[in-house]
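# what would the 3D arrangement of this be:
(2 chains)
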Amino acid sequence: MEIAVKINGEQHRHDVEPRTLLVHYIRDTVGLTGTNIGCDTSSCGACTIHLNGESVKSCTMFAVQADGEELLTIEGLAASVNATDGQMHPMQEAFRSCHALQCGYCTPGMVMASVSLLEENPNPNEQEVRQGLEGNLCRCTGYHNIVKAVLECAQGGAK
Amino acid sequence: MSIMGTRVLRKEDPKFLTEGATYTADISHPKLKGAVHAHFVRSTMAHAKILEIDTSEAASQPGVLAVYTAQDIPESVAPAPVMVPVFPPSMMHRPHLATGSVRFVGEPVAVVVAETPAQAADAADLVFADYEPLPAAVGLAQAETDNTVIYEDVGSNTAVDFKNMNMVTGIGEEDIFADCEVVVEHDLINHRTAPAPLEGRSMACVWDDGRLIVWASTQTPHGFRDNLAAVYGLEAENCQVIAPDVGGGFGQKIGITADEIVLPWLSQSLNRPIRWTETRTENLTACGHGRAQLQKVKIGGSQGGQIKAYRLQITGDAGAYTGLGAFLPFYTHLMAPGVYNFPKVETTAKSVVSNTTPTLAYRGAGRPEATAAIERAVDLFAAECGLSPVEVRRMNLISKDSFPYTTPHGTEYDTGDYETALNLALEAADYPALLEEQARRRAQGSVKQLGIGVSVYVEITGGPAPGGQEFAKVEITPEGKAKVYSGSFSHGQGHATTFVSVAADQLGMDIDDIEFIQGDTDLVAEGTGTFGSRSFQFAGSAVYDASRSVVDVAREIAAGLLEANVDDVLVDAEADGFHVAGTPAVAVSWAQVAGAAQEQGKKLMHEGQHHANCTYPFGAHVIVVEVDTETGQVTVPQVVTCDDSGTIFNPNIVEGQRHGGIAQGIAQALTEEVVFDEDGNPITSNFADYGFISAAELPSFKLVPLETPTPHNPLGAKGIGESGAIGATPATQSAVVNALSHLGVRHIDIPLTPERVWQAIVDATAQN
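The predicted structure is shown next:
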């Protein structure tokens, strides 16, 4: 089945099997491997992307369901806020300055979920951040610095 | 000025954050063009005889190139070398694919190779294995009885009794508790958990003109290479293992697994490059688990709280085949008396096989089990004496002027200051205020009771004695920049930042002028890898040594250029090169020295192994819980830890290690447990069923700094990778019991599920 999807501002057209998951399409067909797969039950959130501006676990959708839609992955995040010259999205900057990543595997999904969290709730308290990221698992950081990064980003950027 | 102690941001992060790291499954290399995909068919029975495996239907599916079972693999594919060769041969030498019988659910029995991953997975479902079920020995209590013997040739499920090897003392003839006024005994469970790195196992390989090239998600690239070279009869230089970015390991990716060993043969027999990435269910059922011990503790002393004797009897669950996990009860024995100066200690330690997933060295690997046992025992003893658990600890801690301290087992602790760690943690938690709040809630009969848990621990890193080694090479480029090669390998620990910082400090260079190379056995001559909290102390020291050796040669060359005495010449980051002490205005740069070295035919390069003894990090955790006495639900409002790992080079990295360990330690106490049913079926085989801890179940952590350097390496550093996981589990367990102690609760097994906690409350209330 042929689909047309806009990913990170670029139009893609592909013939996909109806059963192909969106995450497999993004990784294997489009070749954007920043989005990771960490489980097989939609529990870990490593594959979180934005669909029409809202975060979604891309393993919970078929590629065909994204036909005609607009996607944003980690590779397009900095450009989406017109960051230039090696600059990053404020959330990416906050993750870096707070040492909110170690092995990096959950990171793209975690960053995308965090951006979406602040769009819905621009000024969350710690508990709201923790609840908001409950669906994104991290094994390395104990979440401490991730929560710190999101709160610092909400407060106007990394310190 | 030294970089030591500054929060240098990670060099890895911009790529990880903007395009994502490059994990094995992301590798796009010309040599992997046209790669086929493997999918394993796994046993659905915990213990059974294999009668027949019908692969015909699977083999005829679209895209399928081949379906193989054990009998297809030629003998030329040798058995994998054994990591710890102390077990009966049949238990140690696991077949590449199950042969004759299966011994745990998840054991590979066949493998399908197809053009796409989906075709391979679809066809794998059509492989029909006919089994004759055998009784399964599941769980330690059952396996230990030998009612069901898994290896008939051995005749018992006991894989090793360390007493028979004279590695543990055993129970002596003397009654070590004879002069004790108070004696407490208890059975403890240190249940099975899953390491659960977010990236599971993944591998790709290709044969290139007789040479095997492998990309793999591993903690030990050189060990992986050595295993494959041995299995396939290759010289080491004809087997290249490249570990790209790796998405966590936690002990699960030390060495190599049976599944990974088969892949080069598949590639060889089909003459195609091959890829394999396991699913989460495969990772949770087939790769390996941690912990899994039953412990009997007995502790005795005076009514006033002086502990005189301690006995720990350890039975470890090896799972179906004896890997590293089967050896870990020995590590638990090594650290049995923990931070205490008990005069008499006895241990027994053994491992038994069972029809479950093999165990391995999960974060802490034997030491969390030791700490959990002794800390629980001390709490039980304090409760029996009617004394404060904090006071009983203070009374029995090894004092800071006793180091180096040799335990009754002969383990020699390097340096420590346990009481200061405990005091700092209590102070940061405001212990008196917590006690007041607890008393207030008890007096009011609040639904939510407050519990304060304390643990003090010491562990062994880079061990066992006499320690270990790691390789480093430092070379100066003709442009006057540097390259640092490390035999250690970061799978999240930030070596590219920390090790480069160590070199930058010694070389007087900017960290951006230093390139870091790891994880490719063609580029890095030797290596051991990252596990057991060993990297910074061994590999960091190796980089330090190599950098200083290079500077020594460079100073001689610089002295020539400056027409000065070499003893007066120093390297100076501020001056961007070398100058005579006191006259920085006249300096020669690294580039000038590199140029002169080339003209003089001198090499600005040093490589070598750094050998060092193991080290003993320690600390204290204070964890506060709220227990809902109506539901048994536990929440964790406060975590304070003081974890001393000697000299700290980059606080960001060290704190990050502590955070992750603390979370995993709390997870074991509260939410995470690998469970099998009585037939050996795994019922926590995915992240919907396994209680992987999330952000919502944890608070932020308060970390108290303390630095007691070790004399065992030039950096003064001890390991920090596992400390958090060691202190947090017993402190959490202690806190929950403490919250309910006024009701008469003395002990609840981990994990402290609401049901278990609620039951303990009900039982205690009924008794009173």
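# what about the helix or strand residue B:637 falls within, distance to the chain center?
Using DSSP states H and E, residue B:637 sits in strand B:634-644. Distance, stretch centre to chain centre, for strand B:634-644: 21 Å (Cα atoms, centre = their mean, to the nearest Å).
# indicate the residue of the stretch 101-250 of chain B located nearest to chain A.
Closest residue of the stretch 101-250 of chain B to chain A, Cβ to the nearest Cβ: residue B:247 (3.2 Å). The way it works is simple: take the backbone N, C-alpha and C, and place the C-beta from them, glycine included.
# domain assignment for chain A?
Chain A breaks down into these domains under automatic domain parsing: A:2-77, A:78-154.
# could you dump those into a markdown table and include distance to chain B?
A markdown table is the format used below for those (distance: least, Cβ to the nearest Cβ, whole Å):
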| stretch | distance to chain B |
| --- | --- |
| domain A:2-77 | 3 |
| domain A:78-154 | 3 |
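# can you say which of these is nearest to residue B:731?
Closest approach to residue B:731 among the domains of chain A is made by domain A:78-154 (14.5 Å; Cβ to Cβ).
# now the closest one: average pLDDT?
Averaged over domain A:78-154, pLDDT sits at 96.
# with stretch B:578-597 instead?
Rounded mean pLDDT across stretch B:578-597 is 96.
# start to end distance for it?
14 Å (Cα to Cα, to the nearest Å).
# what sits against the most centrally placed residue in chain A?
Nearest to the geometric centre of chain A sits residue A:112, at 2.7 Å (Cα atoms, centre = their mean). Residues in contact with residue A:112 (Cβ atoms under 8 Å, 6 or more residues apart in numbering or on different chains) are A:48, A:49, A:50, A:55, A:72, A:73, A:74, A:77.
# leaving out chain neighbours, which residue sits closest to it?
In space, and not counting its chain neighbours, residue A:112 is closest to residue A:48: 4.6 Å by Cβ to Cβ, 6 or more residues apart in numbering or on different chains.
# and the pLDDT at that neighbour?
pLDDT at residue A:48 comes out at 98.
# is it in a bridge, and if so with what?
According to DSSP bridges, the residues that bridge with residue A:48 are residue A:57.
# quick check: it touching residue A:114?
No. Using Cβ atoms under 8 Å, residue A:48 is not in contact with residue A:114; the gap is 9.4 Å.
# neighbour count: the two, which is higher?
residue A:48 (30 against 27; other Cβ atoms under 10 Å in any protein chain shown).
# save the contacts of residue A:112 as a markdown table, and put in secondary structure too.
Formatted as a markdown table, these follow (DSSP: H, G, I helix; E, B strand; the rest coil):
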| residue | secondary structure |
| --- | --- |
| A:48 | strand |
| A:49 | strand |
| A:50 | strand |
| A:55 | strand |
| A:72 | strand |
| A:73 | coil |
| A:74 | helix |
| A:77 | helix |
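# got a markdown table for those, with distance to residue B:635 too?
Below are the contacts of residue A:112 laid out as a markdown table (distance: Cβ to Cβ, whole Å):
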| residue | distance to residue B:635 |
| --- | --- |
| A:48 | 26 |
| A:49 | 32 |
| A:50 | 32 |
| A:55 | 26 |
| A:72 | 35 |
| A:73 | 35 |
| A:74 | 33 |
| A:77 | 34 |
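# buried among the residues you listed? Make that a PyMOL selection.
To isolate the buried members of the contacts of residue A:112 in PyMOL, using 16 or more other Cβ atoms under 10 Å in any protein chain shown:
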select buried, chain A and resi 48+49+50+55+72+73+74+77
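# what's the closest of the contacts of residue A:112 to residue B:398?
residue A:48 (47.9 Å).
# report the mean confidence score over stretch B:686-701.
pLDDT averaged over stretch B:686-701 gives 98.
# how about it: buried residues?
B:686-687, B:689-695, B:697-701.
# so which of those also contact chain A?
Residues of the buried residues of stretch B:686-701 in contact with chain A (Cβ under 8 Å from any Cβ of the partner chain): B:686, B:687, B:692, B:694, B:695, B:698, B:700, B:701.
# quick one: buried residues of stretch B:458-466?
Here stretch B:458-466 shows B:458, B:459, B:460, B:461, B:462, B:463 as buried, counting by 16+ other Cβ under 10 Å.
# meant to ask about stretch B:33-42, not that
B:35, B:36, B:37, B:38, B:39, B:40, B:41, B:42.
# what's near enough to touch the residue of the stretch 401-550 of chain B found nearest chain A?
The nearest approach of the stretch 401-550 of chain B to chain A comes at residue B:492, 3.2 Å away (Cβ to the nearest Cβ). Neighbour list for residue B:492: A:102, A:103, A:104, A:140, B:246, B:247, B:248, B:249 [criterion: Cβ under 8 Å, 6+ apart].
# repeat that with 7 Å
Taking Cβ atoms under 7 Å, 6 or more residues apart in numbering or on different chains, we find residue B:492 in contact with A:102, A:103, A:140, B:248.
# which stretches in the stretch 601-750 of chain B count as helices?
B:651-670, B:723-739 (DSSP state H, counting those that start in this stretch).
# just the C-alphas of the last one, formatted as PDB.
Meaning helix B:723-739. Only the C-alpha atoms of helix B:723-739 are listed here, as PDB (Å, rounded to 0.1, in the frame of the first residue of the first chain):
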ATOM      1  CA  SER B 723      27.400   1.100  44.600                       C
ATOM      2  CA  GLY B 724      23.900   2.500  44.300                       C
ATOM      3  CA  ALA B 725      22.400  -0.900  43.500                       C
ATOM      4  CA  ILE B 726      24.200  -2.400  46.600                       C
ATOM      5  CA  GLY B 727      23.100   0.100  49.300                       C
ATOM      6  CA  ALA B 728      19.600   0.900  48.100                       C
ATOM      7  CA  THR B 729      17.900  -2.500  48.200                       C
ATOM      8  CA  PRO B 730      18.500  -3.300  51.900                       C
ATOM      9  CA  ALA B 731      17.800   0.300  52.900                       C
ATOM     10  CA  THR B 732      14.400   0.200  51.200                       C
ATOM     11  CA  GLN B 733      13.600  -3.100  52.700                       C
ATOM     12  CA  SER B 734      14.700  -1.900  56.100                       C
ATOM     13  CA  ALA B 735      12.500   1.200  55.700                       C
ATOM     14  CA  VAL B 736       9.400  -0.700  55.000                       C
ATOM     15  CA  VAL B 737       9.900  -3.000  57.900                       C
ATOM     16  CA  ASN B 738      10.700   0.000  60.100                       C
ATOM     17  CA  ALA B 739       7.500   1.700  59.100                       C
END
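# now the element after it, going C-ward?
Past helix B:723-739, the next helix or strand by DSSP H and E is helix B:754-767.
# how far away from the center of its chain is that next one?
34 Å.
# would you map the helices across the stretch 101-250 of chain B?
Under DSSP H, counting those that start in this stretch, the stretch 101-250 of chain B gives helices at B:117-124, B:140-144, B:221-231.
# centroid-wise, who is the farthest residue in chain B?
residue B:563 (52.0 Å).
# any idea how far it lies from residue B:588?
11 Å (Cβ to Cβ, to the nearest Å).
# ok, now residue B:473?
From residue B:473 to residue B:588 the distance is 24 Å (Cβ to Cβ).
# before we move on, back to that, just the ones of the ones next to chain A among the buried residues of stretch B:686-701 in strands?
Counting by DSSP state E, the part of those found in strands is residue B:701.
# give the contact list for residue 42.
Here I'm looking at chain A. Residue A:42 neighbours (Cβ under 7 Å, 6+ apart): A:57, A:59, A:60.
# chain B, not that one
B:106, B:107, B:108, B:109, B:286.
# what of residue B:230?
So residue B:230 contacts B:78, B:81 (Cβ under 7 Å, 6+ apart).
# where along the stretch 351-500 of chain B do the strands fall?
Counting by DSSP state E, counting those that start in this stretch, the stretch 351-500 of chain B has these strands, from start to end: B:405-406, B:412-413, B:448-458, B:468-476, B:482-486.
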